[in-house]
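J.: predicted model and sequence below, questions to follow.
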Amino acid sequence: MNDTLVINTSALKHCACCPAPCRSAIPAAVSPGNEAVIPSALAMVSLAVVGGALPPTPATRSLLENTAAASYCVAVCPYGHDIVGLVRQVIDRYFGVNG
Ligand code: SF4
(Lines give C-alpha, C1' and ligand atoms only; values in the text may rest on other atoms or scores of the structure.)
Protein backbone atom coordinates (compact mmCIF):
# COMPACT_ATOMS: atom_id res chain seq x y z
CA MET A 1 0.00 0.00 0.00
CA ASN A 2 1.20 3.47 -0.89
CA ASP A 3 0.29 5.46 2.23
CA THR A 4 1.49 8.78 0.80
CA LEU A 5 -0.87 8.82 -2.15
CA VAL A 6 -3.89 11.16 -1.83
CA ILE A 7 -6.80 10.07 -3.98
CA ASN A 8 -8.82 12.80 -5.73
CA THR A 9 -12.19 11.67 -4.42
CA SER A 10 -13.89 14.84 -5.69
CA ALA A 11 -13.27 13.77 -9.27
CA LEU A 12 -14.38 10.22 -8.45
CA LYS A 13 -17.62 11.48 -6.86
CA HIS A 14 -18.33 13.72 -9.81
CA CYS A 15 -17.71 10.92 -12.29
CA ALA A 16 -19.75 8.39 -10.30
CA CYS A 17 -22.83 10.62 -10.65
CA CYS A 18 -22.19 11.61 -14.25
CA PRO A 19 -24.55 10.36 -16.99
CA ALA A 20 -21.42 9.43 -18.93
CA PRO A 21 -21.61 11.37 -22.17
CA CYS A 22 -18.18 9.90 -22.83
CA ARG A 23 -19.64 6.47 -23.47
CA SER A 24 -20.14 7.34 -27.13
CA ALA A 25 -16.35 7.30 -27.49
CA ILE A 26 -16.17 3.66 -26.41
CA PRO A 27 -16.14 1.25 -29.37
CA ALA A 28 -18.95 -1.29 -29.18
CA ALA A 29 -16.45 -4.11 -29.54
CA VAL A 30 -14.67 -3.00 -26.36
CA SER A 31 -17.77 -2.61 -24.23
CA PRO A 32 -20.66 -4.65 -25.64
CA GLY A 33 -23.37 -3.39 -23.33
CA ASN A 34 -21.33 -3.82 -20.17
CA GLU A 35 -22.18 -0.92 -17.90
CA ALA A 36 -19.68 -2.12 -15.29
CA VAL A 37 -16.77 -0.91 -17.39
CA ILE A 38 -17.79 2.70 -18.06
CA PRO A 39 -15.92 5.35 -16.05
CA SER A 40 -18.79 6.21 -13.73
CA ALA A 41 -19.08 2.57 -12.66
CA LEU A 42 -15.34 2.31 -12.05
CA ALA A 43 -15.48 5.56 -10.10
CA MET A 44 -18.31 4.21 -7.94
CA VAL A 45 -16.41 1.02 -7.16
CA SER A 46 -13.29 3.06 -6.41
CA LEU A 47 -15.20 5.25 -3.97
CA ALA A 48 -16.61 2.17 -2.25
CA VAL A 49 -13.07 0.87 -1.77
CA VAL A 50 -11.75 4.23 -0.55
CA GLY A 51 -14.70 4.58 1.83
CA GLY A 52 -14.33 1.04 3.18
CA ALA A 53 -17.69 -0.19 1.92
CA LEU A 54 -16.05 -2.65 -0.47
CA PRO A 55 -13.09 -4.77 0.65
CA PRO A 56 -9.99 -4.78 -1.55
CA THR A 57 -10.41 -8.37 -2.70
CA PRO A 58 -8.99 -9.90 -5.88
CA ALA A 59 -12.49 -9.82 -7.38
CA THR A 60 -12.78 -6.09 -6.72
CA ARG A 61 -9.34 -5.53 -8.17
CA SER A 62 -10.35 -7.44 -11.26
CA LEU A 63 -13.33 -5.09 -11.69
CA LEU A 64 -11.10 -2.04 -11.39
CA GLU A 65 -8.44 -3.38 -13.73
CA ASN A 66 -10.96 -3.61 -16.55
CA THR A 67 -10.14 -0.14 -17.88
CA ALA A 68 -9.93 -0.82 -21.61
CA ALA A 69 -13.31 0.80 -22.29
CA ALA A 70 -12.82 3.68 -19.87
CA SER A 71 -9.47 4.53 -21.44
CA TYR A 72 -11.34 5.84 -24.49
CA CYS A 73 -13.08 8.38 -22.23
CA VAL A 74 -9.98 10.08 -20.88
CA ALA A 75 -9.45 12.26 -23.96
CA VAL A 76 -13.12 13.19 -24.36
CA CYS A 77 -14.23 13.76 -20.76
CA PRO A 78 -15.71 17.28 -20.81
CA TYR A 79 -14.63 17.74 -17.18
CA GLY A 80 -11.04 16.73 -17.75
CA HIS A 81 -11.15 13.74 -15.41
CA ASP A 82 -8.61 10.99 -15.94
CA ILE A 83 -10.65 8.28 -14.27
CA VAL A 84 -8.36 5.52 -15.50
CA GLY A 85 -5.45 7.26 -13.81
CA LEU A 86 -7.45 7.67 -10.61
CA VAL A 87 -8.53 4.04 -10.65
CA ARG A 88 -4.90 3.02 -11.01
CA GLN A 89 -4.09 5.18 -7.99
CA VAL A 90 -6.82 3.43 -5.99
CA ILE A 91 -5.41 0.05 -6.98
CA ASP A 92 -1.91 1.15 -5.97
CA ARG A 93 -3.08 2.68 -2.68
CA TYR A 94 -5.52 0.01 -1.52
CA PHE A 95 -4.48 -3.21 -3.21
CA GLY A 96 -0.71 -2.95 -3.47
CA VAL A 97 1.22 -5.68 -5.18
CA ASN A 98 -0.62 -8.58 -3.56
CA GLY A 99 -4.23 -7.33 -3.51
S1 SF4 B 1 -15.13 10.22 -17.58
FE2 SF4 B 1 -16.05 12.28 -17.58
S3 SF4 B 1 -17.78 12.19 -19.02
FE4 SF4 B 1 -17.17 10.09 -18.53
S5 SF4 B 1 -18.54 9.47 -16.85
FE6 SF4 B 1 -16.65 10.30 -15.92
S7 SF4 B 1 -17.01 12.50 -15.58
FE8 SF4 B 1 -18.60 11.74 -17.00
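T.: The structure has been received and is ready for your questions. Residues are numbered from 1 along each chain as shown.
J.: for L54, give me its contacts.
T.: 45, 48, 60 (Cβ atoms under 8 Å, 6 or more residues apart in numbering). For the C-beta atoms, the positions are set from N, CA and C on the backbone; glycine is no exception.
J.: how about a cut-off of 10 Å?
T.: 44-48, 60, 63-64, 94 (Cβ atoms under 10 Å, 6 or more residues apart in numbering).
J.: same thing with V84?
T.: With Cβ under 10 Å, 6+ apart, V84 has these contacts: 39, 42, 64, 67-74.
J.: most widely separated two among the residues you listed?
T.: Greatest spatial distance among the contacts of V84 (Cβ to Cβ): L64 and Y72, at 16.7 Å.
J.: what separation is there between the residue nearest in space to the middle of the chain and Y94?
T.: Among the residues of the chain, the one closest to the centroid is L42, at 3.3 Å (Cα atoms, centre = their mean). Noted for L42: a distance of 14 Å to Y94, by Cβ to Cβ, to the nearest Å.
J.: could you do L5 as well?
T.: Counting by Cβ to Cβ, the gap from L5 to Y94 is 10 Å.
J.: which one of the two has more residues nearby?
T.: Y94 (22 against 11; other Cβ atoms under 10 Å).
J.: wait, that one sits on P56?
T.: Yes: counting by Cβ atoms under 10 Å, Y94 does reach P56; the two are 4.7 Å apart.
J.: so where do the helices sit in this structure?
T.: For the chain, helices defined by DSSP state H occupy the ranges 9-16, 39-50, 58-64, 83-94.
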